[in-house]
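Colleague: Next input, structure requested:
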Amino acid sequence: PTSGGQYRWPGARAVPIFAQDGALREWMGTTTDIHDRRQVELERQRFVTLADHSEDFIGMAGLDHKPFFLNPAAVRMVGAATREEALATPVAEFFFPEDRDFISNVFLPRVARGGHSETEVRIRHFRTGEAIWIIYTVYVIRDQHGVPEGYATVSRNITERKLAEERLRQLTV
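Modeller: I've put the predicted structure just below:
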């Protein structure tokens, strides 16, 4: 433990030093405090575990609107053949063409100004073209200095709710 009674992760490297006769004389080594790096790795692993098991669409994209992370549920939801196919698709192409202007010119600027926002919008199934309604919740990702470097989303599929609302609306007309 440290003088404050806390345990920290060390990184150690050592090499043997041999005498002329080949006998082990001593070990020379260094110890480095890798605690902060190890904590970041553990936090990242916890996030990946959570994202991999979530049924919500979880994704991250850079300011260039190119995805760099999509969880398995996101890939399944849009019907991409592989994660690589989905990651190679610009964010705008996840949406219906008639919704892209709103996403690019109204919604994402609102996210950039406020740090986060939410809307109901349709994404499209890559293979069938079918509409998938989601509650699109987006947050700005910032670097350690607070500078925006991308966007993250945790979005829920609400297609069944939207279809039920439409059926109800048709019954009341």
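
Colleague: Mind exporting the C-alpha coordinates of the longest helix seen in the chain to CSV?
Modeller: When the chain is parsed with DSSP state H, its longest helix is helix 35-53. What follows is helix 35-53, C-alpha atoms only, in CSV (Å, rounded to 0.1, in the frame of the first residue of the first chain):
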residue,chain,number,x,y,z
HIS,A,35,-2.3,2.4,-11.7
ASP,A,36,-4.0,5.2,-13.6
ARG,A,37,-3.6,3.4,-16.9
ARG,A,38,-4.9,0.1,-15.4
GLN,A,39,-7.9,1.9,-14.0
VAL,A,40,-8.7,3.3,-17.4
GLU,A,41,-8.4,-0.2,-19.0
LEU,A,42,-10.8,-1.6,-16.3
GLU,A,43,-13.3,1.2,-16.9
ARG,A,44,-13.1,0.6,-20.7
GLN,A,45,-13.6,-3.1,-20.2
ARG,A,46,-16.7,-2.5,-18.0
PHE,A,47,-18.1,-0.2,-20.6
VAL,A,48,-17.5,-2.7,-23.4
THR,A,49,-19.2,-5.5,-21.4
LEU,A,50,-22.2,-3.3,-20.7
ALA,A,51,-22.5,-2.2,-24.3
ASP,A,52,-22.0,-5.8,-25.7
HIS,A,53,-24.9,-7.0,-23.5
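
Colleague: Which residue of the protein lies farthest from its centroid?
Modeller: Distance from the centre of the chain peaks at Asp21, with 56.9 Å (Cα atoms, centre = their mean).

Colleague: same for the top strand by length along the chain, what does it pack against?
Modeller: Ranked by residue count under DSSP state E, the longest strand found in the chain is strand 131-142. Packing partners of strand 131-142 (3 or more Cβ pairs under 8 Å, 6 or more residues apart in numbering; DSSP states H and E): helix 108-114, strand 116-124, strand 148-157, helix 159-171. Backbone N, C-alpha and C define where each C-beta goes, glycine included.

Colleague: what does it rub up against?
Modeller: Identification of contacts with strand 131-142 by Cβ atoms under 8 Å, 6 or more residues apart in numbering yields 57, 60, 77-78, 96, 107-108, 111-112, 115-125, 148-159, 161-162.

Colleague: can you do 6 Å?
Modeller: With contact meaning Cβ atoms under 6 Å, 6 or more residues apart in numbering, strand 131-142 is reached by 111, 115-116, 118-123, 148-159, 162.

Colleague: Pull out the buried residues from the residues you listed.
Modeller: Using 16 or more other Cβ atoms under 10 Å as the burial test, those include 111, 119, 121-123, 150-151, 153-155, 157-158, 162 as buried.
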